[in-house]
Structure formats: structure tokens, C-alpha cells
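Enquirer: Fold the following and give me the result.
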Amino acid sequence: MSRFAALGILLPLMANAPAAHAQQSPARPFLHPLFTNNTVLQRDVRAPIWGWASPGDKVTVEVAGLKASATADATGKWMVHIGPLQAGGPYTMTVSGPQTVTLTNVLVGDVWVCSGQSNMQMGIANVNNAEQEIAAAEYPRIRLFTVPDVIGLQPRETVAGKWDVCSPQTVAEGGWGGFSAVGYFFGRDLYRELHVPIGLIHTSWGGTPAEAWTSAEALSKLPEFRPAIAYLSQIGGDPAKSAAAYESLMAEWWRKNDPGSAKGLGWADPALSVADWKTMTLPTKWESAGLPNYDGVVWFRTTFDLPNLPESGDVTLSLGPIDDMDTTWVNGVKVGETNQYNVARTYKVPANILKRTGNVVAVRVLDTGGDGGLCGAPDQLYVETSGGRTSLAGEWRYKPAADLTKTGPPPQRVDNNPNYPTVLYNAMIAPLIPFAIKGVIWYQGESNAGRAYQYRKLLPTMIADWRGRWGLGDFPFLIVQLANFMAPPKEPVEDAWAELREAQSMTAASVRNAGIAVAIDIGDAADIHPKNKQEVGRRLALVALAKTYGRHLEYAGPTYKSMSRHGNAIKLTFTHTEGGLVGKGGKLQGFAIAGSDRKFVWADAEIQGNAVIVSSPLVEHPVAVRYAWAANPVCNLYNGAGLPASPFRTDDWPGITANAK
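Expert: Numbering: from 1, shown residues only. Purely as a prediction, here's the structure:
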């Protein structure tokens with residue numbers, strides 16, 4: 001699934017997003033699950049503590065020498081407010097009423113929510129020096145809470161989970177390598193500087209777009225999301241109704257757009273002649289085997305013999321992972337389908353539909369962006385009986401059937417799709433509110449890069465949405481700008497990731513109490529999940545220490561301020577020039593310049609004091625400069641504090657995502 005494709009609201013599952021399951025809210029507990037042993041309560045505020053009882057029940061909370069009571073309302077919900085409390089502990093918290101619950105080892109400090117997609121989700125076991133980092137993670141006054149990955153068709157009230165004391169064991173627990181590495185390193189660095197308890201609530205999901213994390217009410221203010229929200233309202237939070245609606249819409253889409261599915265068995269018919277179909281050696285990604293930049297439907301067929309055909313039972317058909325969605329037939333009988341790009345296909349085939357020779361496998365594959373096809377390893381393609389395996393790796397026949405640039409996107413299933421607007425807000429943010437927090441760190445954007453201009457509105461909308469619902473004012477919201485990724489360009493380019501970084505910078509500059517940590521120099525060309533999460537956490541902590549905690553330190557690299565033309569050169573000025581400007585490693589790189597024709601060429605750039613002079617003999621009358629404008633730019637402007645300059649451009653010419661929806 002492409003990280004660059006324009007991601008319309010009607011696409012199926014996207015990359016890095018495993019299948020989800022909508023769940024109904026669990027029964028309302030006496031005490032909300034955010035309050036467990038080892039909880040961290042936010043200092044210096046009146047912290048809400050809540051749960052459910054019978055209407056009219058009185059509930060009393062005692063902690064740190066303070067006591068407060070509340071009466072359950074007509075719905076049974078009760079809420080007390082305790083504090084303000086100073087940092088400290090451990091304390092015992094007692095909640096008494098129709099039940100009595102006693103929590104131990106409760107601390108008071110600062111609580112940060114850590115959210116986003118896979119680069120926030122990536123666990124500590126996957127980072128540089130992971131073994132040493134895990135062994136050193138003995139911080140009993142840092143506490144960890146992980147929200148499980150689940151979607152909600154309507155806002156949920158509770159969430160599963162518990163608070164853990166940070167230790168080598170607990171920091172490494174959980175899927176994909178343990179607790180969020182970015183969250184942990186951020187919290188660790190804050191604790192080392194502040195010496196107050198730190199609570200970290202990790203709620204993220206790989207591959208998900210920002211609209212999935214935003215409430216329906218907020219998204220309804222953006223016209224492009226109104227149809228999706230209206231549909232969600234129509235199905236009324238019923239997973240079965242959603243699944244049925246999807247199946248009906250998808251069946252109609254196949255009939256209308258795919259000639260292989262238009263009538264009867266179509267191209268799954270074993271009697272169909274495929275002599276005029278082309279051949280492709282599988283497994284492979286079809287982009288590298290004859291279908292470059294193709295998103296849509298492709299049919300694949302092959303035959304196999306089973307001289308030792310069993311008389312009864314099932315035969316195993318293995319196809320390996322398929323990107324994104326497949327439907328598979330054997331001898332005209334449908335044996336399975338899967339709507340997950342990252343799951344190996346293993347289907348059971350009834351022996352009674354098989355023959356000793358000439359069995360036909362037909363696979364219909366739908367890919368909605370980026371890599372597509374049967375893309376596992378050769379040893380994952382086989383048919384297996386009790387007598388052994390028959391390999392299916394090798395030449396298959398294939399035929400493209402439906403190009404999405406011509407058909408438009410297929411329908412989107414909601415009840416198992418974490419990418420659908422608002423479903424993650426409903427299940428992974430709403431249940432946290434109004435638990436008192438200090439702020440949020442946010443590492444997300446890869447899945448919105450194809451709609452970077454839209455992100456200029458979407459991210460501020462989401463931030464305002466969260467702040468309004470938490471009711472804590474304009475709490476800090478700290479953004480990780482996308483790291484560098486993929487091959488560096490040979491010439492200046494237009495780039496969706498550059499435009500997404502611009503949208504992030506614009507949000508950080510225009511939204512009150514927001515901040516940004518630049519990661520343009522700590523990515524990995526070959527891995528969208530770079531391993532140096534220690535530096536990401538450190539840079540986020542610098543922003544927090546300076547902007548939230550009032551420490552006098554440099555927290556950002558050179559940030560573009562203004563430009564002026566001087567003959568055939570352009571002079572750029574910057575803020576955050578602490579210690580002067582530096583070309584790390586030698587001559588400045590990463591600058592491009594253009595005249596009124598808007599054609600950029602690489603430029604010469606020199607530092608003069610706290611300014612940079614940019615020129616090129618190829619551009620006699622320059623009007624615009626860009627710096628680090630690529631998915632993975634070669635760039636080296638820093639300040640004396642060792643922090644990199646944020647990518648920027650001086651022009652406002654329409655970008656390649658300006659019209660993406």
C-alpha cells in the first residue's frame with residue numbers, strides 16, 4: 001500500500017494497519033479502568049476520577065490526604081475532582097460507595113498521551129541498542145499504560161488496560177517490540193530533567209490516518225469527510241449492519257468495474273482459455289514485473305497436478321501474503337478471501353473438488369496503492385496433501401481487470417477498518433477523556449502524505465477537537481515531523497512528503513502551544529521505521545522542556561524567517577540560530593533555487609553570519625528557494641546546538657497534493 005497515494009475516504013485497509021474488530025463498550029465498571037494500581041494523577045489540577053454505580057449512589061474518593069464525594073447521576077455515572085496535588089507519592093487511593101476499591105502505589109506527576117501511527121507504535125525492542133536500552137529501563141517513577149488497538153463505530157466510555165511500573169520487563173511487553181519507543185525515551189528524558197513522576201498513555205495504530213483519530217463532530221466541519229460520517233451515523237454503530245452493507249456495496253462494485261467478475265464465475269471459470277494472458281513469475285510485487293504504478297484489480301491463474309490425490313479430507317493451498325485483498329477459487333469453487341495485506345493466505349480446499357491433473361487456481365487481487373500482488377517467498381506458494389507439497393512458485397498467467405484511476409475507489413468496510421474516519425477516536429481517545437493530562441506527543445502523517453494540503457486543516461481540527469473535549473485549555477501538543485525516507489532525489493522534485501512536513505510546520509507555527517521536533521536527519525532510506533528513536537524522544541523532550549516547562553535551552557534548529565533578493569542571489573534569514581549556523585560535514589547542501597519559470601535547480605549556498613546566501617549560475621533572476629524539499633533530502637544546515645534546520649520553501653506555488661481529496 002502506497003504511502004504516497006492520495007488516500008480517499010473510500011479505500012480498503014492501508015499499509016501497516018492490521019485488521020480490526022469493532023467491539024461494543026464493555027459493561028460500565030464501578031471505577032474507570034484508567035484508575036488502577038500504579039496510576040499517575042496529573043499534578044497541579046483538579047484531577048477527575050470517575051466510574052459508574054446506580055443512580056443516586058454516593059461515592060467518596062480519598063488520596064494524599066484529600067477527600068471528595070459525588071452522587072451518581074441518572075445514567076449511573078459519578079465523578080469527583082481531587083486536588084490540586086503536588087508531585088509526589090506513592091499514595092493509596094480509596095474509592096468507596098456501593099463497592100470499595102483500594103489502589104496502591106499511586107503517584108502524582110505529569111501525564112502525557114503518546115499517539116499516532118507506526119512510528120509511535122514501534123516498540124523499544126526494535127530500536128538501536130535495544131538490549132542495553134531495555135536493561136537500563138529501571139524507572140519506578142515512570143508509569144506506562146497501553147491502549148489496545150480496537151475500533152469503535154460510536155464513542156466508547158471505557159478502555160482495557162492497566163498502569164505498569166516502568167522496568168526492563170514491562171517496557172518490553174506487548175506487541176511489536178513493547179511499549180512505544182518514542183514515548184518511553186521522551187518520558188525518560190523528561191524524568192531525568194524534572195525529577196517528577198511521569199505517566200505515559202500510549203494509544204497509536206500503525207498505518208492509520210489522522211481523520212481516524214478525530215471525532216465525528218469535528219470532521220463534519222470539513223466537507224470532504226461529511227459523507228463518511230453520514231454513513232457511520234446511518235449504520236448506527238452496528239457491526240453486523242456495517243458488514244452487510246459493505247458486502248452488498250462491494251458485490252455491486254465488482255459487477256460494475258471488474259469484467260472478470262461481471263457474470264457467473266467469470267475469470268474464475270476453469271474452462272476459460274487464458275492463452276492470451278501474459279505471464280508473471282510469482283511470487284513478486286507486480287510493480288516490478290510488468291505493472292509499474294498500477295493500482296486496481298489483477299487476476300492470476302495457474303494449474304497444478306495431484307497424482308496422489310486423497311480420497312477425502314482437505315488439501316491446503318498456501319499463497320503467502322497478498323497486497324491488499326484477494327478472492328481465491330480452485331476449480332471454480334471459492335475457497336477463501338482475505339482483506340489484509342500483511343497476512344499469509346492459507347486456505348483449505350475440499351479434496352472432492354480436486355482432480356489428479358489440471359486443477360485450476362484463480363486469484364483475484366485488489367490493490368489500492370503502492371505494492372500489489374502475491375508478494376511473499378517462493379516457499380509460501382504450494383499445495384499440500386498428506387503425501388507432500390507441490391510448489392506453485394513460478395510462471396502464472398495474469399490479466400489486469402480494473403484500473404482504479406478509471407473506476408474510482410472501491411467501497412470501504414467500516415467495522416473492521418482502523419482507517420475509517422473517527423473510529424479510533426471513538427475507541428482509543430474518547431475513553432481517555434477527561435483523564436487529566438499534561439499534554440500530547442504525536443508522530444503521524446505518513447498515511448496522510450498524499451493529502452498534505454488537506455492535512456493543513458485536518459491536524460489543527462483534530463488538535464482543537466481533543467483540547468475542547470479534554471477541557472484542560474490549550475495543553476501542549478508536540479508533533480514529530482516526518483523523518484527522511486527512500487532514495488534521495490538526483491534533481492529537485494515536487495514531493496508529497498515535503499508538503500506533509502510543511503503542513504506539520506504550519507500547524508506548529510499557527511496553533512497555540514503546539515511544537516515540532518524535526519527528524520529530517522535521523523531517518524532511514526530503506527526503512528520507514530528508523531531505529532534512532534532515542535533522538536526523536538530527546539528532541540521532543542527539548543521542545544517540552546523549553547515551551548512547557550520554561551527551561552532556557554535551544555529546542556529547535558534553524559527555522560526559516562524571511563527572504564530578500566540581492567542581484568542574482570537570495571538571502572535567507574532564520575530564527576533559532578543559537579551558536580550560529582553550521583554546514584554539518586562541509587559545504588551546505590539541500591538548497592534549490594528557481595526563477596519565475598518555477599523550474600528548480602540545485603543551488604550554491606553560503607553561510608554569512610546568521611543568514612544563508614543562495615544562488616545558481618543557471619538562474620539569473622531568482623524568485624524562490626527551497627530547502628530539504630524531498631522525501632529523503634540530502635541536507636546539512638544546523639545550528640550550534642546541533643539541531644537540524646526544518647525543511648521549508650519561500651514560495652507558495654500549488655503543490656502536487658493541492659487538489660487531493
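Enquirer: From the centroid of the protein, which residue is nearest?
Expert: The residue lying closest to the centre of the chain (C-alpha atoms, centre = their mean) is residue 117, at 2.2 Å.
Enquirer: and that one, how far is that from residue 443?
Expert: 7 Å (C-beta to C-beta, to the nearest Å). C-beta coordinates here come from the backbone N, C-alpha and C atoms, glycine included.
Enquirer: do the same with residue 381
Expert: Taken as C-beta to C-beta, the span from residue 381 to residue 443 is 36 Å.
Enquirer: Ok, residue 138 next?
Expert: Distance from residue 138 to residue 443, by C-beta to C-beta: 25 Å.
Enquirer: so what are the domain limits for this structure?
Expert: What automatic domain parsing lists as the domains of the chain is 1-30+216-420, 108-215+422-547, 560-645.
Enquirer: follow-up on the earlier one: mind listing the shared neighbours of residue 117 and residue 443?
Expert: Common contacts of residue 117 and residue 443 (C-beta atoms under 8 Å, 6 or more residues apart in numbering): residue 204.
Enquirer: Return the residues in contact with residue 100.
Expert: Contact analysis of residue 100 by C-beta under 8 Å, 6+ apart lists residue 94.
Enquirer: From residue 41, how far out is it?
Expert: 19 Å.
Enquirer: could you say which helix or strand contains residue 302?
Expert: strand 296-304 (DSSP states H and E).
Enquirer: any idea of the mean pLDDT in that strand?
Expert: For strand 296-304, the mean pLDDT works out to 97.
Enquirer: Touching it from outside, list them.
Expert: 257-258, 260, 267, 274, 277, 280, 282, 286, 291, 358-367, 372-374, 383, 390, 392, 394-405, 407.
Enquirer: Looking at those residues, which are in helices?
Expert: 257, 404, 405, 407 (DSSP state H).
Enquirer: so what's the third one up against?
Expert: When you say that, I think you mean residue 405. Residue 405 neighbours (C-beta under 8 Å, 6+ apart): 295, 296.
Enquirer: Give the buried residues for the strand holding residue 302.
Expert: 296, 297, 298, 299, 300, 301, 302, 304 (16 or more other C-beta atoms under 10 Å).
Enquirer: gap between the second one and residue 33?
Expert: Looking back up the chat, that one is residue 297. 43 Å.
Enquirer: Pull up the pairing partners for the longest strand anywhere in the chain, direction included.
Expert: With residue count as the measure and DSSP state E as the assignment, the chain has strand 100-116 as its longest strand. According to DSSP bridges, strand 100-116 forms sheet pairs with strand 40-42 (parallel), strand 88-96 (antiparallel), strand 198-204 (parallel), strand 439-443 (parallel).
Enquirer: Now render the ones in helices among the contacts of strand 296-304 as a markdown table, adding pLDDT and distance to residue 518.
Expert: Converted to a markdown table, these look like this (pLDDT from 0 to 100; distance: C-beta to C-beta, whole Å):
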| residue | pLDDT | distance to residue 518 |
| --- | --- | --- |
| 257 | 96 | 43 |
| 404 | 93 | 34 |
| 405 | 91 | 35 |
| 407 | 91 | 40 |
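Enquirer: Nice, that's everything, thank you.
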